[in-house]
Every structure is written in C-alpha cells, then in structure tokens.
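>>> Provided below are the primary sequence and the corresponding predicted coordinates.
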Amino acid sequence: MPSTTSGPSFDGPANPSISSSTSASASASAPPKRRHRVGSDPDPNAPLSATEAVAAAAAASSVGPDSSAKRARSDHYVPPPMSARAQGKRPDVDVIDLTRGGSSGGGSPAAQRRLPILQPHMGPRKLVIKNLRPASQKTTAGVEDYYARTLEELDAAVTTIFQGRDTVQPMERLYRGVEDICRKGDAASLADKLRARCDAHLNSDEVLGGVRAGVSDSAGDDLAVLRAVLRHWKTWSAQLLVIRWIYSYLDRSHLLNSKTPQGLNDMGINLFRKAVFGGSRKELVESSLGARLLAAICQLVGYDRRGDDRFNPILLKESVTMLRLFGVYGKLFEPRFLSDSRRYFTEVAEERSVTYSLKDYILATEKLLNSESERCDSFNFDSTTKRQLRDDAHHILIQSYSEKLLDTGSVAKLLEANDATSMKALYDLLRLSGIQKRLKGPWEEYVREAGSAIVSDTSRGDEMIVRLLVLRKSLDTLIRNAFAKDEVFTYGLREAFGYFVNDKKSSSPWNTGTSKVGEMIAKYIDMLLRGGLKTLPKTLLSDSQDRADAERSGLSSTADEDAELDRQLDHAIELFRFIEGKDVFEAFYKKDLARRLLLGRSSSQDGERNMLQKLKSECGSSFTHNLEQMFKDQELAKDEMNSYRGWLSGTGRSKAGDIDLTVDILSAASWPTFADVRVLLPKEVVDQISTFDSYYKNKHTGRRLTWKHNLAHCVIKAQFNRGPKELAVSALQAVVLVLFNDVDGDAKAEGALTYNQILQATSLPGPELDRTLQSLACGKVRVLLKHPKGRDVKKTDTFTVNKAFTDPKYRVKINQVQLKETREENKETHERVAADRQFETQAAIVRIMKSRKTMTHVGLVTEVINQTKSRGAIDPADIKLNIEKLIEKDYIEREGGSYVYLA
C-alpha cells in the first residue's frame, strides 16, 4: 500500500475493503484515542505483531472486487453535502484511482495533466484501493494459535469461577478474547460450550446433583432440602453474574440479537430450574427434588399459620422470590399452595364452628383473614394468589357457615349486648362475600322482639318511650359505627319499629283498644317540655359524634341546651311517625299542653312553639289547628286583661292593695274539657271575679264564662318570724292558707285549725283537700305544721302556721301534689278517642258517597281506609258497622251489590 494514500481507518479484520461516500482529508489525522483494531496499520514500515498478523491474514482472505463495509469513523473534517446546482457543475469523473500516478506519485507530466486533481470540496468520490498485501502462512498459523489460546483461557476462567476463586487472567483480557472470537464468527459455538459447562456444573455432585441424590436420605426434613437448594441458588447467582461480565460481548452482540438462543441470564436461570424441577418452560414437571422444595415452602406457611417457632420468614420470602424467577410459581407452586390452604380453612372452620361462640368465631375469622392477607403482601406472593386465597377463605369460612353467622339467636345476643365491635366484624365478613344483606332478617327480628317486649311491659309503662328511645339510639349507633350507615339496615329498622308500634298484640295487655304508644309519646313530650333535659337519662343525650353530625347538617349548634332539647324532640317525632293512630296522641298531647299553658309549667316557650311547628310539618295544619288556637287564646286573653285594667283605672275602681286579678279567657271548642272542683273562695276574690264577669258580659253580649278555679294559681304574701315571703301556690292552696288569717280569738294563741274545720271552710272534696294539705305541711316546703307529724293526712290532724319557716329565696314556689291519672280517666280518654274515630269514619263515608254517588262495598272500604289512615287504623269490620249506621240514618242505601248516596 503506498504510504502517501490517505483513507479511513479500518475497524476490525472482517472486511478491509471500504467504500466511502466522503473523500479523505489531505492533512494527517489526530492520533486515535482507542486501541488499534486488528488490521489497522498506522505505520506501514513497522513490523507486524501476532495480533496484527492475524488481522492481516483475515483481511487478505476477505478482499474482493465487490466487497464493501460500513463507513469507518474518521476524525477528519467532513464537508457539508453540496447542492444539486453545484453537483451539476462537477467534472464527469466518478472514480479516482490512487494506485496510479497522481499529484504525489510519479509519472510523466502529460499523464498528470490528464488525471483530475483530488478536490474534496467538489463533493464525494469513490476510493478504490488495490494491491493489498497478502497474508503469509506463518501469519495464519499465529492467528489460529491465538484463538485456541483464548478459548483455553476462557475455559480456565469459568472453572476458576465455579470453584469460587478469582480468575488468573485480567477480566478485561478475557472480555477482549470473547470479543475477538465473536468477531471471528464463532459466537454460536462459544455459547454452546458455555451452556454445556454450566449445565454440567449444576448437575455435578458438588451442586444440585448431590442434593438430588440426597433427597431420599433426608426424607423427613424438607426444610433441609429447601435450604440446600436456596444456598446453591445464591452461589449460582453470584457466579452467573461474573460469567455475564466476561461474556458480556457475546450476550450483547450475539445472544440478544438471535431469535433462538437465550441471554446469559435467562440461560443460567433455566439451567438451574431444569436441574431442580426438570422439563422445559412449557413442559414443567414436578420432579422429586422440586416436589420436596414445594412441600418445604408449604410447610413454612403452615408453621406461620399455627404459630410454630420453627417458622423462618427470611427463608420463606427468599424461596418465593426464587420460584417467581424460575417461572414455576404459577404452574407448580400456586395450585399446591391453594390446595393446602383450602384444606387448612376447612379444618379451622369445622373446629371453630363447633367450639366457638358466634362472637369468638367472628373475631377468629377476621384475624385469620387479616393474617393471610398480610402474609401474601410480606412474602412476595402474587396478587392472583392473594385474590384466589381470599375467595377460598370467604367461601369456606363465611358462605359455607353462613347459617351460624346469621343465626337469629346468636345475632340477638350480640345486639342485646350492644357489641359494636363484633357486629362490625360480622358485617365486614359478610360484605366480603357479598351476603351482608342477609343480616337484615336477624336484625329486624331482634328489633321487633325487643320493641314488642318494651311496649307490652305494663309494669314499666312510664318508662316505655325512654326505653324505646334508648333502644333506637343504640341501634342507630350500630348502623353508624358497625354497618357503615348502610341504608338497608336503616330501612329495616324503620320497618321493624313500625311493626311493633302498631301491633295490636303488643298493645293488648293495656286493654285500651287504641294506640298505647301514642299516649305515652304525648306524656314523654310533656315531661320533656316541663322538666327539660334534666329529666332524661344520660344515655339519651347526644354524644360528640351526634353533635358533630348535626352541626355539619346545619340543624343546630353543638353543646347548646336548646339545640339538645330540639334534637330530643326530633327523636320523639321519629317515634311519632310510626304511629298509625295519631288521634290518641292528639288527645293526650292537647290535654297536657293545656295544663302546661294554664299552670305555667312549661320550661321553654320556644320549645313549645318549636314542637308545634314540628307537628304541623309532620301532620299538616288541620292536625295542629286547635293547638295553635290555644296559643292564640292566651294572646287574646292578655289583650283582654289590658283592656279590663284600663276600664278599672277609668272608673276609679283600682285601689292600692286590692287583689290583682288575671283571667285567661279560653274558647271551649279548642281546649280540652276539665272536671269542675267546687271550692269556696275568699270574699275579696269573689268580688273581683264578679266585677270582671259583669265587664266581660257587657262587652261581649251573648257569651258565658265558666270558671275553672282548680286550674288557677296565685301569689300571696306571708309574714314569718324571719321576715316576709311571697308564696307561689295554686288557688286551692291559697284558699287553705288564707283561712289562718281568720282564726277566732280563743284559738289564735295556738293558731290551729282541724281537718274538719278546713273542710267546712273550703268545701273541697276529700281527695283534693288531702293533696292540698299534704303539699303545704308534708312536702319539701312546709309553711304549715301538722300534728301529729307524718307524711299522710288524716281527718284527726290539726294544722298550724310554721312561723319559723325560712328559705333563702324571697319568692318560694310550693308545688301541688300531682295526682296521677286514674285508670278510669285514662280509659275514658281512650273511649272518647274511639268514639271520635267512629264519627270521623262516618263523615268520611258520607264525603266519599257524596262525591261518587255509587260505589261497591270493597271500593268504599278501601277509600275510607285511605282517607282515615292518618288519624288511625280502622278495621274493615268497624267500617262496615258505620255503613250500617248510615243506612239506618238514610244517608245511603243498598242497591244491588253497591251503595247509593241519598241526597
């Protein structure tokens, strides 16, 4: 090759003939940064080394007239491509033969003029290099020796790695040897030799061959086999990493680009897997060694499940990771693991279903499911394994034993104990299997039985509503905390309450014939509006969660007494919604409201009006019309008294020290009826009443006043040894007290009156007088002294003024002894409600027939039930009886199979 020729550098001995589309630079190139490749010759006069000789021989054997190779990388400047216009002006010379004479070679001047001068700026030229130096036989033999020596060094290095020692040759030299062999074209044979060496090593007695041979000797210790295999796997992984470093060029240039062979990493894993489990990836079989390996892993899981101290978490995690790398996890391990797990779940379910109570079974099952899930997450089990394991556990532990979990008696015990933790666990377990709605049956059954027991308990009738509200609150808390506010259970709770509240069988022990629950709700609201929150048990008061929920919903503020009273009234209204016979509630509520308004016993006027607004929203304005009229009557009475006092001032009848009379004028149609109590009033009071009566009758012609003195109350002034006091008492108490101002002279020193004297002076009935004297002489505030002392009033007792009476307050309120409603009075109220219901039924029949003119019996009964159900449930037999009464009164008549309205 002429030394004056400038061309690209040759990269490797494979193809020294280069075709380039760029012309070579005329200037000398910079020294190459990389080492010289085989076949590069920076100095043509220098002697060839052994490696260079090998490269030269390879180059000589591959030269041909049409040979070409990739364009070699050059450090020379490459001019930018020329435009089409400039290329069109080039000389028609395509080939420059540098082996013939040129500007730098010999030849005649004429020949030099005939040849074009190399002009790089004119665009690319095709360089043809000829007359390469051929390789000698001596050089070819040296090349073969080099490759043989390289193979021996690689084989020795692999042996050294398998022995756990460092290689004799440097790693870089071994890498370059692999690269040269691959460039020669022997990559496939090199890969086959390496694969055979690795396979032989893994199956040798020092590695897995010895473990496989010793499987029968360690038949009783699968964990020893697992530890041995895992130990060899760790060693093999480290050895394979070093081999991959050395054979990296083979891995990158040949194996990864070939479709058939595998990479070194996959090859090493597959060889180890085949040695353990046998077979190919598509045809895995469970060999004796592999079977022992899988049995050991399942044994470790069993140790963990039973809390055995032999459990090794690190060994389990590394073993599962190894199986996932081998690719046998899904085909061999997962089916066996799931099968063993199903047998374990079945054994646990059979044992615990017999020996455990429902609560213990729920808690144990929840703990088992959590531990199984945590094990799958902690030890690298596949997500499909976790899902299948969970489904199997749900089916075996929950669905197969759903009868035990949904046993009505067992669930009732948990609900009765208010065990929210166990109920939440039960609900969560059933929800995992999608059968949580089946819990609604035992839930409703418990609510019906518990509610019916409360309603039918005649010994604790006064506590009925409080107990029902406590039951409702506890059940609502369970729905909130245990059932995640599931609407299914909320609806079931409403259905169950509506059932036992209106169940006639539950109310039959009371013998009222109407709704006993409606009566007790009215009395409960009366107690709440009279005494406030202090009359309620602490279990009924809202907790922090209830107040937070109320605040978020914007219903009321937290920790406010008025807001809490409003919430308690809402709870009572919730019970009221379940009642079908609302007319019973109306009768008793109207009666209690009248007493609160007339006697001034209401603890909160805002609470009274708020309750009235709730009833109006719930039942409509027709239900609360009379109740609203009661409040209006009191407002009108105040205006009437202001007018009366103005009339007294105008006529000069108002004097200092006179009795200040206040009269509440009430419309008889809106207020309930009260029994009259005969009493002899003091002369001063009688005169005032007569004056007002005359004034009112003159002002309102045709009206008549009926005085109810037993509902009156007053404030009297009393003088004691410790000073004066004002006593807030009822009218009957005041009548008795003023008698001691008129004691005759002989008895004044003693100041005593006998029971008979008081009876004659007041004309009060015996029971009323007894209650009055008992409140004055035997209560907490004793302004009278009874002789002899005692809690009961007898006809032989005498009474004197307690002049030593003292109290820190100037105005002292003396409560009248409340006489409980007698059974006869209660029965009378229920009978009146039943009679009113019959009249309402007849009125509904007349309205329907007047609009329809003609109706069948079934249609009429259905329509009457629909129109009267808001007032109370009516039996079809009662409707038929009222139809007969209307036929007798000639409102309707029968005509064939229908009823006809008579105008």
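Structure received.

>>> Could you pull out the strands in the stretch 701-850 of the chain for me?
Ranges of strands within the stretch 701-850 of the chain are 713-720, 723-730, 752-754, 784-787, 798-801, 811-813, based on DSSP state E, counting those that start in this stretch.

>>> and the third one, what does it pack onto?
Helices and strands touching strand 752-754, as assessed by 3 or more CB pairs under 8 Å, 6 or more residues apart in numbering; DSSP states H and E, comprise strand 798-801. (Each C-beta comes from the backbone N, C-alpha and C, glycine too.)

>>> Now the phi/psi pair for Ala364, please.
Main-chain torsions, Ala364, degrees, to the nearest 10: phi -70, psi -40.

>>> Next: Gln629.
phi -60, psi -30.

>>> Leaving out sequence neighbours, find the closest residue to it.
Ser670 (3.8 Å; CB to CB, 6 or more residues apart in numbering).

>>> What pLDDT is listed against the one you found?
Ser670 carries a pLDDT value of 87.

>>> quick one: it and Gln634 touch, right?
No. Ser670 is not in contact with Gln634 according to CB atoms under 8 Å; the separation is 11.0 Å.

>>> Mind checking which of these two has more residues around it?
Ser670 (17 against 13; other CB atoms under 10 Å).

>>> separation between the more buried one and Ser621?
As judged by CB to CB, to the nearest Å, Ser670 and Ser621 stand 14 Å apart.

>>> Then Val242?
94 Å.

>>> For these two, indicate the residue with more neighbours.
Taking neighbours as other CB under 10 Å, Val242 and Ser621 compare with Val242 leading, 17 against 9.

>>> Which residue ranges of the stretch 501-650 of the chain form helices?
All helices of the stretch 501-650 of the chain, identified by DSSP state H, counting those that start in this stretch, fall at 504-507, 516-531, 544-553, 561-578, 582-599, 605-619, 625-651.

>>> a markdown table for the ones you listed, including mean pLDDT and distance to Cys778?
Supplementary listing: the helices of the stretch 501-650 of the chain in a markdown table, determined by pLDDT from 0 to 100; distance: least, CB to CB, whole Å:
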| stretch | mean pLDDT | distance to Cys778 |
| --- | --- | --- |
| helix 504-507 | 84 | 37 |
| helix 516-531 | 90 | 22 |
| helix 544-553 | 69 | 42 |
| helix 561-578 | 87 | 33 |
| helix 582-599 | 88 | 21 |
| helix 605-619 | 89 | 32 |
| helix 625-651 | 89 | 33 |
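
>>> so can I have TSV of these showing distance to Leu666?
Shown next, in TSV, are the helices of the stretch 501-650 of the chain (distance: least, CB to CB, whole Å):
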stretch	distance to Leu666
helix 504-507	33
helix 516-531	19
helix 544-553	37
helix 561-578	25
helix 582-599	8
helix 605-619	16
helix 625-651	5
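
>>> Of the ones you listed, which is nearest Phe489?
For Phe489, the closest of the helices of the stretch 501-650 of the chain is helix 561-578, at 15.7 Å, according to CB to CB.

>>> by contact count, what packs against the closest one?
Checking 3+ CB pairs under 8 Å, 6+ apart, helix 561-578 ends up next to helix 464-481, helix 487-501, helix 516-531, helix 544-553, helix 605-619.

>>> Would you point to the one among those helices that's packed deepest?
Using mean count of other CB atoms under 10 Å, the stretch among the helices and strands packed on helix 561-578 with the greatest mean number of neighbours is helix 516-531 (a mean of 22).

>>> what helices or strands is that helix leaning on?
helix 464-481, helix 561-578, helix 582-599, helix 605-619, helix 823-852.

>>> wait, what's in contact with the residue positioned nearest the centre of the chain?
In the chain, the residue lying closest to the centroid (CA atoms, centre = their mean) is Ala484, at 5.2 Å. By CB atoms under 8 Å, 6 or more residues apart in numbering, Ala484 lies in contact with Tyr427.

>>> Relative to Tyr361, how far out is it?
Ala484 is 21 Å from Tyr361, by CB to CB.

>>> Likewise for Asp878?
In terms of CB to CB, Asp878 sits 51 Å off from Tyr361.

>>> Val242 now?
56 Å.

>>> and if you look at Leu429?
In terms of CB to CB, Leu429 sits 10 Å off from Tyr361.

>>> Now do the shared contacts for those two.
Leu405.

>>> right, and Tyr356 touches Thr365 too?
No. With contact defined as CB under 8 Å, Tyr356 does not count as touching Thr365 (9.2 Å).

>>> Give me the more crowded residue out of those two.
Thr365 (24 against 15).

>>> Tell me, how many residues neighbour Phe805?
Neighbours around Phe805, by other CB under 10 Å: 18.

>>> That one reaches Arg782, doesn't it?
Yes. Between Phe805 and Arg782 there is a contact under CB under 8 Å: 7.0 Å.

>>> buried sites along stretch 163-179?
167, 174-175, 177-179 (16 or more other CB atoms under 10 Å).

>>> ok, of those residues, which one's closest to Arg195?
The nearest one, if we look at the buried residues of stretch 163-179 relative to Arg195 and count by CB to CB, is Val178, at 14.5 Å.

>>> Point out where the stretch 1-150 of the chain drops to low pLDDT.
1-139 (pLDDT under 70).

>>> and with 90 instead?
Low-confidence segments of the stretch 1-150 of the chain (pLDDT under 90): 1-145.

>>> what stretches of the stretch 251-400 of the chain score poorly on pLDDT?
251-264, 266, 274-292, 327, 331-332, 352-355, 357-358, 399-400.

>>> Which parts of it are helices?
Using DSSP H, counting those that start in this stretch, helices in the stretch 251-400 of the chain cover 264-277, 288-306, 313-326, 334-355, 358-378, 383-393.

>>> So between Leu429 and Tyr361, which is more surrounded?
Using other CB under 10 Å as the criterion, Leu429 and Tyr361 rank with Tyr361 on top: 24 against 21.

>>> and the more buried one, how far is that from Ala349?
9 Å.

>>> what sits in contact with each of those two?
Tyr401.

>>> for stretch 188-201, which positions count as buried?
190-191, 194-195, 197-199, 201.

>>> what is the mean pLDDT for that stretch?
91.

>>> What are the buried residues along the helix or strand harbouring Asn882?
If you go by DSSP states H and E, Asn882 is part of helix 876-888. Using 16+ other CB under 10 Å as the test for burial, helix 876-888 gives 879, 882-883, 886.

>>> hang on, Ile454 packs against Val466?
No. Using CB under 8 Å, Ile454 is not in contact with Val466; the gap is 9.7 Å.

>>> ranges for the helices of the stretch 651-800 of the chain?
683-699, 731-737, 745-748, 755-762, 766-777.

>>> could you dump the ones you listed to CSV with mean pLDDT?
Output for these, formatted as CSV (pLDDT from 0 to 100):
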stretch, mean pLDDT
helix 683-699, 90
helix 731-737, 92
helix 745-748, 45
helix 755-762, 91
helix 766-777, 89
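
>>> and of those, who's closest to Val411?
Nearest to Val411, of the helices of the stretch 651-800 of the chain and by CB to CB, is helix 766-777 at 50.1 Å.

>>> which secondary structure elements does that closest one contact?
helix 731-737, helix 755-762, strand 784-787, strand 798-801.

>>> okay, these in a markdown table with mean neighbour count next?
A markdown table is the format used below for the helices and strands packed on helix 766-777 (neighbours: other CB atoms under 10 Å):
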| stretch | mean neighbour count |
| --- | --- |
| helix 731-737 | 22 |
| helix 755-762 | 16 |
| strand 784-787 | 18 |
| strand 798-801 | 19 |
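
>>> List the residues that contact the nearest residue in space to Ile579 that is not next to it in sequence.
The shortest distance from Ile579 to any non-neighbouring residue, by CB to CB, 6+ apart, is to Gly518 (4.8 Å). The contact partners of Gly518, taken as CB under 8 Å, 6+ apart, are 576, 579, 581-585, 588.

>>> rerun at 10 Å
Going by CB atoms under 10 Å, 6 or more residues apart in numbering, Gly518 touches 501-502, 507, 512, 575-576, 578-589, 833, 872.

>>> what sits against the nearest residue to His232 once chain neighbours are set aside?
Spatial nearest neighbour of His232, excluding adjacent residues (CB to CB, 6+ apart): Val207 at 5.4 Å. By CB under 10 Å, 6+ apart, the contact list for Val207 reads 162, 200-201, 228-229, 232, 235-236, 272, 275.
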